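J.: the sequence and its predicted three-dimensional model are supplied below.
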Amino acid sequence: MKQIKLSLSDSAYAKALELAAANALPVEGFLPILIQDLLDKESQLLNDQSVHASTVMPIKNGPGPSFRSTMPDTLDQVLEVCQHVYKDKGVPKDEMYARVQFREAVRTVAKNRSIHETTVRDKCCTDRRLGLSGVSVNLDSFLSWLCKPELLRDHLCRKFVNCVSEIHSRFDQFLPGRFATESSKP
């Protein structure tokens, strides 16, 4: 990882603070995520232009970040991993089994999206993507959360405050009936 010094105008910094607060992140944690997503999107636009301009051989790279309405790419990929972990066998009973299911889900999501497995794994298991103040995220914590979907869902709701209803809806789809008494919560 490289570090850079970034200078922003007062108005840009004010916007960054506002967006970071809306995502319940400190501005120092929010800006790298925002920049990464914007760079991925811009890179995809350039690749799309290259494909249309080239008649010899199109360039095949992974897709840029996708946003379903306002859903960040990170959340979308994490939810897709959860879907694959929970879909047939339900909640893993222990972390060892969760690890096997997680590896398989990461592989499937990466293949479906034509991206690297490390990209999907990064979205699920790093402070940079899922961390909150006072909550460290790594592979072990994510595997533990997979075994306790209520904790994972609640963490995602705190991290992505603008997507709470979508998170609740997706978890209700993954594990029907499990959250029946809570499904009316915002």
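T.: Ah, there it is. Just so it is clear, the model here is predicted, and its values are computed rather than measured.

J.: and the host helix or strand of V106, which residues are buried?
T.: Per DSSP states H and E: V106 is located in helix 95-113. Across helix 95-113, burial judged by 16 or more other C-beta atoms under 10 Å covers E95, Y97, A98, R99, Q101, F102, A105, V106, T108, V109, A110, R113. For the C-beta atoms, the positions are set from N, CA and C on the backbone; glycine is no exception.

J.: repeat for stretch 160-176
T.: In stretch 160-176, counting by 16+ other C-beta under 10 Å, buried: F160, C163, V164, E166, I167, H168, R170, F171, D172, F174, L175.

J.: and that stretch, how far out from the chain middle?
T.: Centre-to-centre, stretch 160-176 and its host chain are 13 Å apart (C-alpha atoms, centre = their mean, to the nearest Å).

J.: remind me which residues of this protein are low pLDDT?
T.: The model of the chain has pLDDT under 70 over residues 1, 46-70, 179-186.

J.: before we move on, back to that, turn the buried residues of helix 95-113 into JSON lines, columns for distance to P72.
T.: Converted to JSON lines, these look like this (distance: C-beta to C-beta, whole Å):
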{"residue": "E95", "distance to P72": "26"}
{"residue": "Y97", "distance to P72": "29"}
{"residue": "A98", "distance to P72": "24"}
{"residue": "R99", "distance to P72": "25"}
{"residue": "Q101", "distance to P72": "24"}
{"residue": "F102", "distance to P72": "20"}
{"residue": "A105", "distance to P72": "19"}
{"residue": "V106", "distance to P72": "18"}
{"residue": "T108", "distance to P72": "20"}
{"residue": "V109", "distance to P72": "15"}
{"residue": "A110", "distance to P72": "18"}
{"residue": "R113", "distance to P72": "14"}
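
J.: now M96: how far from C147?
T.: Computed as C-beta to C-beta, to the nearest Å, the M96 to C147 distance reads 10 Å.

J.: ok, the residue sitting nearest the centre point of the chain to L34 distance?
T.: For the chain, the residue nearest the mean C-alpha position is T74 (1.8 Å; C-alpha atoms, centre = their mean). Shown here: T74 relative to L34, a distance of 11 Å by C-beta to C-beta.

J.: please apply the same query to E28.
T.: Here E28 is placed at a distance of 12 Å from L34 (C-beta to C-beta).

J.: so these two - more neighbours on which side?
T.: L34 (16 against 10; other C-beta atoms under 10 Å).

J.: how about the more buried one, nearest residue that isn't a chain neighbour?
T.: L19 (7.1 Å; C-beta to C-beta, 6 or more residues apart in numbering).
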